[in-house]
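[1] here is my input, please return the structure:
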Amino acid sequence: MSELPCPSYDMYHSQPSEYGTSESGSGTDSFHKFFEGWVVEQNQHLKELVASTTTELTDEKLQALIDGVVKHYEYYYEAKSKCAKHDVLAMLSPTWRSSLEDAFLWIGGWRPSMAFHLLYSKAGLQFEAKLDELLQGLRTSDLGDLSATQLAQIDEIQKRTIAEEREITDMMARHQETVADASMVELSHAVSEMLRANETDKGGKKEVEERVDSALMPKEEGLEEILQRADDLRLRTLQGIVNILRPKQCIHFLIAAAELHLRLHEWGKKRDTSRRLNEGTSSDEGTTHDLSTTSR
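    I've put the predicted structure just below:
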C-alpha cells in the first residue's frame with residue numbers, strides 16, 4: 001500500500017521530503033504522488049474484483065476482498081486528512097485531478113449522494129440484462145437482485161445522507177460568506193491604502209502581513225473542518241451501502257465505483273493533455289504568423 005504522504009509540520013516546512021523539495025509545495029507534491037500510487041492500487045483491486053465474479057469463492061473470501069477494498073478507501077481519507085492539516089486549500093483544489101473531475105467535485109471530492117445514483121444505475125442495468133432469469137425466479141446474486149428489505153435500508157440511508165449533505169453545503173456557504181465580513185473588508189481597505197501610499201516601512205508591512213495571516217487562519221481552519229465532515233460523510237456512505245449488500249452484490253458495486261472513478265480520471269487527463277497540445281499549436285501558429293508578417 002502507498003506510503004502515507006505529508007511529513008510532520010517541522011519536516012513539511014524545513015526539510016526535504018522523499019516525495020518533493022523542501023519548499024512549501026512539498027506537501028502537495030507528496031499527496032500528488034501518493035494519489036498516483038493509490039490509483040495504481042485501485043486498478044489492481046479492480047482486477048481482483050472482476051476476477052472474483054468468474055471464480056467460485058466462498059463468502060468469507062469475498063468478504064476479505066471487500067474489506068481490503070474498503071480499507072483502501074479508508075487509507076485514502078486518512079492521508080487526505082493528514083495533508084489537509086498542512087494545506088487544506090490544496091485538498092480543495094487538487095492539482096492531481098483533471099479539469100473534468102474538478103467540474104463535478106463537491107467540497108474536494110465526490111458528492112456522497114452520487115453513490116446511490118451509481119448503485120441504482122448499475123442495479124437497473126443488471127436487472128435488464130438478466131430479466132428472463134429473474135422472471136423465472138432465479139437468483140442472480142448481483143445488484144439487479146436487491147430485496148425489498150435492502151431497498152428500504154438503502155432508501156433510509158440515502159435520506160440521511162442527503163440531509164447531512166445539505167447541512168454541510170449550507171455550512172460551506174455560510175463560511176464562504178465570511179470572506180466579506182467587516183474584518184476582512186476593513187483589512188483589505190487598510191492594505192489597499194498602504195499600497196496606494198506606496199509605503200515602504202518594513203515594520204508597518206510586517207504588521208499588516210501578520211494581520212492578514214491572523215485573519216486568514218480561521219478561514220482555513222473552518223475549511224479544514226468542513227472538508228473533514230464532507231470526507232467523513234463520503235466514507236460513511238460507502239461503508240453504509242457496503243454493509244447492506246450481500247458479498248456478491250457488494251463486489252459488483254465496488255467494481256462499478258472503481259470503473260467510474262478510473263475511467264473519468266483517464267478521460268479527464270486525456271482531454272487536458274489534448275487541450276494543452278491544441279493551445280500550444282495555436283500559440284506556435286500565431287508566433288509563426290507574426291514573424292512572417294514582420295519579415296515582409
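
[2] determine the longest helix present in the protein.
    As assigned by DSSP state H, the longest helix anywhere in the chain is helix 247-294.

[3] so who does the residue nearest to V179 when sequence neighbours are not counted touch?
    Using C-beta to C-beta, 6 or more residues apart in numbering and skipping residues adjacent in sequence, the residue nearest V179 is K219, 6.9 Å away. C-beta coordinates here come from the backbone N, C-alpha and C atoms, glycine included. Applying C-beta atoms under 8 Å, 6 or more residues apart in numbering to K219 gives the contacts H175, T178, V179.

[4] what strand or helix carries K219?
    Assessed by DSSP states H and E, K219 sits inside helix 202-244.

[5] packing partners of the longest helix of the chain?
    On a contact count with 3 or more C-beta pairs under 8 Å, 6 or more residues apart in numbering; DSSP states H and E, helix 247-294 meets helix 26-52, helix 59-84, helix 99-103, helix 114-129, helix 202-244.

[6] is it possible to get a markdown table of these that adds distance to R160 and mean pLDDT?
    Listed next are these as a markdown table, based on distance: least, C-beta to C-beta, whole Å; pLDDT from 0 to 100:
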| stretch | distance to R160 | mean pLDDT |
| --- | --- | --- |
| helix 26-52 | 27 | 92 |
| helix 59-84 | 19 | 96 |
| helix 99-103 | 26 | 95 |
| helix 114-129 | 11 | 95 |
| helix 202-244 | 9 | 92 |
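
[7] does the residue nearest the centre of the chain count as helix, strand or coil?
    What sits nearest the mean C-alpha location of the chain, by C-alpha atoms, centre = their mean, is G109, with 3.0 Å. Here G109 is coil, with the state taken from DSSP: H, G, I helix; E, B strand; the rest coil.

[8] how about it, phi and psi?
    phi -170, psi -170 (degrees, to the nearest 10).

[9] how much space between it and E128?
    30 Å (C-beta to C-beta, to the nearest Å).

[10] ok, I241 next?
    In terms of C-beta to C-beta, I241 sits 21 Å off from E128.
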